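>>> coords please:
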Amino acid sequence: MNYYAQIAVDDSFHVITGAVADYADKRDSECLPFVLEHTMQNLAQEQIKVEQIVADTAYSSGEALEYCEQNNIEPFIPNFGQYKSEREGFIYNKEKDQYECQRGNKAVLP
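Purely as a prediction, here's the structure:
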């Protein structure tokens, strides 16, 4: 039997906020609602609301984005098939593991 595990992690404090395990017959994008539901339930216990999520392209689908919209969650998920290895106007600083614009400002996720 094959299983998958999905986790949600707070990007500020690196705390696991949700975890789901199930049979591995689903795509990541199909699992997003389950992970978010678990995360929202956990955080609601502390009166914390999920406002934004960041996920990779595997979580991109119309259904996943619709779920986010229905729950007033702003998703930062790249569209499937539109990955670009180069970022126009940005230079990757390998030592700092970050992108910088041509003026030297750091690229940061909201």
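>>> quick check: neighbours of the lowest-mean-pLDDT helix or strand in the chain in the sheet, parallel or antiparallel?
Taking mean pLDDT, DSSP states H and E as the measure, the helix or strand of the chain with the lowest value is strand 90-93, at a mean of 81. When pairs are called by DSSP bridges, strand 90-93 turns out to pair with strand 98-101 (antiparallel).
>>> hey, C-alpha coordinates of the partner strand in PDB?
What follows is strand 98-101 as a C-alpha-only set of coordinates in PDB (Å, rounded to 0.1, in the frame of the first residue of the first chain):
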ATOM      1  CA  GLN A  98      17.500  34.700  -1.900                       C
ATOM      2  CA  TYR A  99      16.700  36.800  -5.000                       C
ATOM      3  CA  GLU A 100      17.700  40.400  -5.200                       C
ATOM      4  CA  CYS A 101      16.500  43.100  -7.600                       C
END
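>>> so for that strand, mean pLDDT?
Here strand 98-101 scores 84 as its mean pLDDT.
>>> stretch 52-62 now?
92.
>>> name the residues that touch it?
Where contact means CB atoms under 8 Å, 6 or more residues apart in numbering, the residues beyond stretch 52-62 that reach it are 8, 11, 27-32, 36, 68, 73-83, 109-110. For the C-beta atoms, the positions are set from N, CA and C on the backbone; glycine is no exception.
>>> appreciated, that's everything.
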